[in-house]
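Colleague: Structure for this input, please:
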Amino acid sequence: MDEGKKRRLKRIFREDNRTVIVPMDHGVTIGPCDGIQNMQDTVNKLLKGNADAVLVHKGLAKHVDAGRAGLIVMLSGASNLNPKQNNKVQVCSVQEAVRLGADGVSVHINVGAQDEDKMLNTRGRVAEECDIYGMPLLAMMYPRGPKISDEHSLDVVAHAARLGAELGADIIKTNYTGQVETFKAVVECCPVPVVIAGGPKAKTATDTLEMTAEALQAGGSGLSIGRNVFQHENPTAMTEALSAIVHDGVSVEEAQKILGVKS
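Modeller: Here you go, the predicted structure:
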């Protein structure tokens, strides 16, 4: 790995090689939902809770000050108004992200979707550009398509994660499989760090805390969770609780105390 990537990765991962990333690219997909109407206000709350990095699209990257946190720029997108919403197209280049001062870029691939071939073609080109510019690549690898009945099953999650690594990603973001043993198998077959996605809004904050703790137990390198953080009634406390689990090794019960939640 070249020095540029190493330096940028150090602004996303701490010395323990773990990270708390909060993605806020949802405005492209679902519009200005709760929690991201005022992006700078939300980012300030996340920074106060010790988030390691935030992820946004290029337009917001021009207006949001990420402070000491790493800045990851999303390169692909599609709105949920599109009849082919699972086809994520490239909307930003690596060079644009460099000009914005990004510490990393991200590409979204729906493995198994009708247009998987087009997304993979984009991924291949982006990976090459990332190597040219010394830019870390976070690949969001989600099993989604007509052949996939369970987006959290071991076989499809492991396949998606390995596919991302095979095509040159430096970090993989994918679904948690629901069990420590099965997610451990995903991590072990992937030669780069794996972080978990948050998915839809969880029923309770404790569900998110428990999922994070289990993923770490399985060997995961942290999380990239959006709605379950920025839509929490106290995003600062939620970020702080997750950071304490990821970096300080506190128990779910201790993290609940940070949130003021009774176990």
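Colleague: Just the mean pLDDT for the host helix or strand of residue 55, thanks.
Modeller: Using DSSP states H and E, residue 55 sits within strand 53-57. Per-residue pLDDT over strand 53-57 has a mean of 98.
Colleague: Over to stretch 140-157?
Modeller: 96.
Colleague: gap between the two ends of that stretch?
Modeller: End-to-end span of stretch 140-157 (CA to CA, to the nearest Å): 11 Å.
Colleague: got the buried residues for that stretch?
Modeller: Buried residues in stretch 140-157, counted by 16 or more other CB atoms under 10 Å: 140-145, 148, 151-154, 156-157. Heads up, the C-betas are built off the backbone N, CA and C, glycines and all.
Colleague: now do stretch 245-254
Modeller: For stretch 245-254, by 16+ other CB under 10 Å, it's 245-247, 250, 252.
Colleague: Could you list the residues in contact with it?
Modeller: The contact list for stretch 245-254, computed with CB atoms under 8 Å, 6 or more residues apart in numbering, reads 14, 16, 18-20, 50, 206, 209-210, 212-213, 216, 222-223, 244, 255, 263.
Colleague: hmm, 7 Å instead?
Modeller: 14, 16, 18, 20, 206, 209-210, 212-213, 216, 222-223, 244, 255, 263 (CB atoms under 7 Å, 6 or more residues apart in numbering).
Colleague: Run a quick neighbour tally on residue 15.
Modeller: Neighbourhood size, residue 15 [other CB atoms under 10 Å]: 7.
Colleague: Alpha carbons of stretch 245-261, in CSV - could you do that?
Modeller: C-alpha atoms of stretch 245-261 as CSV (Å, rounded to 0.1, in the frame of the first residue of the first chain):
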residue,chain,number,x,y,z
ILE,A,245,-17.8,-0.3,22.4
VAL,A,246,-15.6,-0.1,19.3
HIS,A,247,-12.5,1.5,20.8
ASP,A,248,-12.7,1.0,24.6
GLY,A,249,-14.2,-2.5,24.6
VAL,A,250,-17.0,-1.6,27.0
SER,A,251,-20.0,-3.9,27.4
VAL,A,252,-23.4,-3.3,25.9
GLU,A,253,-24.6,-2.7,29.5
GLU,A,254,-22.0,0.0,30.0
ALA,A,255,-22.8,1.6,26.6
GLN,A,256,-26.5,1.6,27.6
LYS,A,257,-25.5,3.7,30.6
ILE,A,258,-23.9,6.3,28.3
LEU,A,259,-27.2,6.4,26.5
GLY,A,260,-29.2,6.5,29.7
VAL,A,261,-31.0,3.3,28.7
